[in-house]
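Q: The sequence and its predicted three-dimensional model are supplied below.
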Amino acid sequence: MDTLIDGFANVQAALYENWLQPLAFALGLGSRLEDVFNGTGWLLVGLIQLAVMLLVIEPLQRWRPVEPVVNPQAVRTDVIYTLIHRLGLFRIALFFTIDPFMDDLMGHLRTAGMGTFHLEDIWPGVTDGAWASFLMYLVVFDFVGYWLHRAQHQWHWWWALHAVHHSQRHMTQWTDNRNHLLDDVMGAVIWVVVAQLIGIAPSQFVAVVAITQLSENFQHANLAISFGHWGERLWVSPRFHRLHHGVGIGHESPAPRTDVSREVLGGHNFGVLLPWWDICFGTADFSQRFEATGIRDQVEQGRDYGEGFLAQQKLGLKRFMAALRPESKANSAR
């Protein structure tokens, strides 16, 4: 772990000193060099992830696809989402908008005595080891991710945004980042707050996020792979997660009401990395099948979720605003 961290730090420093630091001075950001350095780390992580996606996951998709690619344009839209996130464009937007607010919030939390706790210190000599602490933080963040994911499906106003992700009828490795930007902002804020509260080191936080994102790329891949009876219960597979995107399986309840926006929501397979939480809380579906993906009202009623990036963002925001209004107004907005 230390060797990997040191190697990453050396490349990050070289990229920062040769490219990003001069650019920061040219843009008048000399007072924010620490933030620029941190951003360099996220950019490097994104480049590594893109390389793994293109060199490893993409050939696997071609080797054993679940279905043929019938709508290349929809996949290209997902590529745009991925590049926005993995090349740092989303983080640049946060840098100029949300980060100042988050800095103030973290300052208040530290003043209140929060943020000084380190989860890895609960068992000195054991949990403070590099690998032990990393695995512990990975499990904790995955637990948070499970409940965050369930909230995205259970709260109608949040589902209105998260539906952008589920509206992809042809899943590929690029589908992971297909999200409404407001949905991503809320998730990012929650993860940063949790990171501060449990005291994870910045380098470990980057590693947890990087591994989580790559695993999610693999889960969304157009890949007919199951991990077998026991493997499926240890780590989320493409088959397990595809069921979560299955029409009428991963999100909706079995019997929808006439007003789909207000139906009682159910769903299965919310786990991000570990299916353990689905097993513990009764949301696991280990059926050995590969279902068609999408949203019930999209498939059965032809509801429009947008074909391109801008249309998906606009319609998602419209659904979100409608979900916040009284039910009668929400129905009229449909």
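A: Happy to help now that I have it.
Q: Now the nearest residue to Trp276 once chain neighbours are set aside: which helix or strand?
A: Leaving aside its sequence neighbours, Trp276 sits nearest to Arg233 (Cβ to Cβ, 6 or more residues apart in numbering; 7.7 Å). Using the backbone N, CA and C atoms, a C-beta is placed for each residue, glycine as well. In the assignment (DSSP states H and E), Arg233 maps to no helix and no strand.
Q: List the residues that contact the nearest residue to Arg64 once chain neighbours are set aside.
A: Nearest residue to Arg64, sequence neighbours excluded (Cβ to Cβ, 6+ apart): Ala224, at 5.0 Å. Counting by Cβ atoms under 8 Å, 6 or more residues apart in numbering, Ala224 makes contact with Arg64, Pro65, Val66, Pro238, Arg239, Phe290.
Q: Where does pLDDT dip in this structure?
A: Within the chain, the stretches with pLDDT under 70 are 1, 113-116, 253-265, 327-334.
Q: Tell me how far the top helix by length along it lies from the chain's centre.
A: Scanning the chain for the helix with the most residues, using DSSP state H, yields helix 130-154. Offset of helix 130-154 from its chain centre (Cα atoms, centre = their mean, to the nearest Å): 12 Å.
Q: now what about that helix, what contacts it?
A: Residues from elsewhere that reach helix 130-154 (Cβ under 8 Å, 6+ apart): 1-2, 119-120, 126-127, 158-159, 161-162, 183, 187, 190-191, 194, 198, 200, 204-205, 207-208, 211-212, 251, 265, 267, 270-274, 277-278, 281, 283.
Q: Heading C-terminal from it, find the next helix or strand.
A: Using DSSP H and E, the helix or strand that follows helix 130-154 in sequence is helix 156-166.
Q: Tell me which other helices or strands the helix or strand following that following helix touches.
A: Downstream of helix 156-166, the first helix or strand assigned by DSSP H and E is helix 181-198. Applying 3 or more Cβ pairs under 8 Å, 6 or more residues apart in numbering; DSSP states H and E, we find helix 181-198 packed against helix 89-96, helix 98-111, helix 130-154, helix 156-166, helix 309-324.
Q: could those helices be laid out in TSV, adding mean neighbour count and distance to Tyr81?
A: Output for the helices and strands packed on helix 181-198, formatted as TSV (neighbours: other Cβ atoms under 10 Å; distance: least, Cβ to Cβ, whole Å):
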stretch	mean neighbour count	distance to Tyr81
helix 89-96	16	9
helix 98-111	13	18
helix 130-154	18	16
helix 156-166	22	9
helix 309-324	17	7
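Q: Mind putting the ones you listed into CSV with distance to Gly46?
A: Converted to CSV, the helices and strands packed on helix 181-198 look like this (distance: least, Cβ to Cβ, whole Å):
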stretch, distance to Gly46
helix 89-96, 9
helix 98-111, 18
helix 130-154, 19
helix 156-166, 19
helix 309-324, 18
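Q: Gly246 is nearest to which of these?
A: Closest to Gly246 of the helices and strands packed on helix 181-198 is helix 156-166 (Cβ to Cβ; 9.9 Å).
Q: Give me the contact list for the closest one.
A: The contact list for helix 156-166 (Cβ under 8 Å, 6+ apart) reads 151-153, 175, 178-180, 182-183, 186, 245, 250-251, 261-262, 265, 293-295, 305-306, 312-313, 316-317, 319-320, 322-324.
Q: hmm, try it at 7 Å
A: Here helix 156-166 makes contact (Cβ atoms under 7 Å, 6 or more residues apart in numbering) with 151-153, 178-180, 182-183, 245, 251, 261-262, 265, 295, 305, 312, 316, 319-320, 323-324.
Q: now Phe117: how far from Val52?
A: Distance of Phe117 to Val52, given as Cβ to Cβ, to the nearest Å: 33 Å.
Q: neighbour-wise, which of those two wins?
A: Set side by side, Phe117 and Val52 show more neighbours around Val52, with 16 against 12, by other Cβ atoms under 10 Å.
Q: show me the contacts for that one.
A: Val52 sits next to Leu214 when contact means Cβ under 7 Å, 6+ apart.
Q: Could you say which helix or strand holds it?
A: helix 33-52.
Q: Highest neighbour count among the contacts of Ala224?
A: The residue in these with the most neighbours, by other Cβ under 10 Å, is Pro238 (24 neighbours).
Q: didn't that residue look like it was pressed against Ala221?
A: Yes - under the criterion of Cβ atoms under 7 Å, Pro238 makes contact with Ala221 at 5.4 Å.
Q: Gly316 contacts His180, doesn't it?
A: Yes - judged on Cβ under 7 Å, Gly316 makes contact with His180 at a distance of 4.1 Å.
Q: check contacts around Ile80.
A: Taking Cβ under 7 Å, 6+ apart as the contact definition, Ile80 lies against Phe309.
Q: What helix or strand is it located in?
A: Going by DSSP H and E, Ile80 is in helix 72-86.
Q: and the angle for that helix with helix 33-52?
A: Helix 72-86 runs at 150 degrees relative to helix 33-52, counting by axes from the mean of the first three to the mean of the last three Cα atoms, to 10 degrees.
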